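# I would like to see how this sequence folds:
(2 chains)
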Amino acid sequence: MKMQSSKLMKWVTVFVIFFGIVNMLIMLFQAEAALGIWSEEALAKWDETILWLQMSILAGRTIFGLALNVLAMLFMLNSIRFIRRSEFFSKCNEFVLWWSVPVYFIFSFCSGNMDIVYGVRYLNVNSDTFFVSLLLVGIALIYSAGVRLSEENRLTV
Amino acid sequence: MSIIVNVDVMLAKRKMSSGELAEKIGITAANMSILKTGKARAIRFSTLDAICKILDCQPGDILEYCDEE
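Next up, the predicted model:
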């Protein structure tokens, strides 16, 4: 792989890790603010009738948001690790990409409905949630094809 | 895969080891093993050319088609 592309990839990985960690911290602070664990007042407006939904959305956004950031960091780190071995498509990253589909879907759904935690009483279904999830499925399918071709190439003498 | 690679026969005739052949062709021992054990999915013409040159044989001497049915 060209030196410049390799360097660019390393910098992108550094940024992904940096912003991933920042993003994760922001999500944790937002969850803490909503729950009021260390703050004086909880920002969430709990409603007994939909408490289960509010808790699920808050938990879903936090947990799946953290997971999505971890998957992104893992993808970039794996890419650098395998490119050093001249492997551009790896089974590890195929696994990461496929897992990112449901994780993103749930995170996006919960993110789009965070207002429920703050007192709004309607569910919002955003078309972006489905569109980006389908796009991720497409990318995962193409990556899987790349993994198969890469395996064939490895068995070409 | 129905194509069988009979490199061993030619190696025995030329009294050469597979490691030696791999070195002369310019492929790794791992790739040589993939070729000998029938795990190879494809072979480059350049590799086949090098094998035939080193072993002084025809492609038909080392490649055999066997109908699996």
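# element containing residue B:64?
Assessed by DSSP states H and E, residue B:64 sits inside strand B:63-65.
# which elements pack onto that strand?
Under the contact definition 3 or more Cβ pairs under 8 Å, 6 or more residues apart in numbering or on different chains; DSSP states H and E, strand B:63-65 sits against strand B:3-5. Yep, even glycine has a C-beta here, placed from its N, CA and C like the rest.
# run through who's touching the strand it packs on.
B:35, B:36, B:38, B:40, B:43, B:62, B:63, B:64, B:65, B:66 (Cβ atoms under 8 Å, 6 or more residues apart in numbering or on different chains).
# one more time with 6 Å, if that's ok
Contact with strand B:3-5 is made by B:35, B:64, B:65, B:66, as judged by Cβ atoms under 6 Å, 6 or more residues apart in numbering or on different chains.
# looking at the residues you listed, which one is closest to chain A?
Taking Cβ to the nearest Cβ as the measure, chain A sits nearest to residue B:35 out of the contacts of strand B:3-5, at 4.8 Å.
# where does chain B dip in pLDDT?
Residues of chain B meeting the criterion pLDDT under 70: B:1, B:69.
# who in it is up against chain A?
Neighbours of chain A within chain B, by Cβ under 6 Å from any Cβ of the partner chain: B:31, B:35, B:40, B:41, B:42, B:43, B:47.
# give the contact list for the first one.
The one in question is residue B:31. Contacts of residue B:31 by Cβ under 6 Å, 6+ apart are residue A:157.
# hmm, back to that, can you give the contact residues for the strand holding residue B:64?
Residues external to strand B:63-65 that are found in contact with it (Cβ under 6 Å, 6+ apart): B:2, B:3, B:4, B:6.
# could you pull out the helices in chain A for me?
All helices of chain A, identified by DSSP state H, fall at A:3-35, A:51-83, A:91-112, A:127-154.
# so, low pLDDT: which residues of chain A?
A:1-2.
# just the buried ones among the residues of chain B next to chain A, please.
Among these, the ones that count as buried by 16 or more other Cβ atoms under 10 Å in any protein chain shown are B:31, B:35, B:40, B:43, B:47.
# mind giving me the PyMOL command for buried ones among the contacts of strand B:3-5?
Only the buried entries of the contacts of strand B:3-5 go into this PyMOL selection, using 16+ other Cβ under 10 Å:
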select buried, chain B and resi 35
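# one step back: as TSV, the helices of chain A with mean neighbour count and distance to residue B:16 would be great.
As requested, the helices of chain A are arranged in TSV below (neighbours: other Cβ atoms under 10 Å in any protein chain shown; distance: least, Cβ to Cβ, whole Å):
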stretch	mean neighbour count	distance to residue B:16
helix A:3-35	14	39
helix A:51-83	18	35
helix A:91-112	19	36
helix A:127-154	14	26
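# okay, now residue B:4: neighbour count?
Using other Cβ atoms under 10 Å in any protein chain shown, residue B:4 has 11 neighbouring residues.
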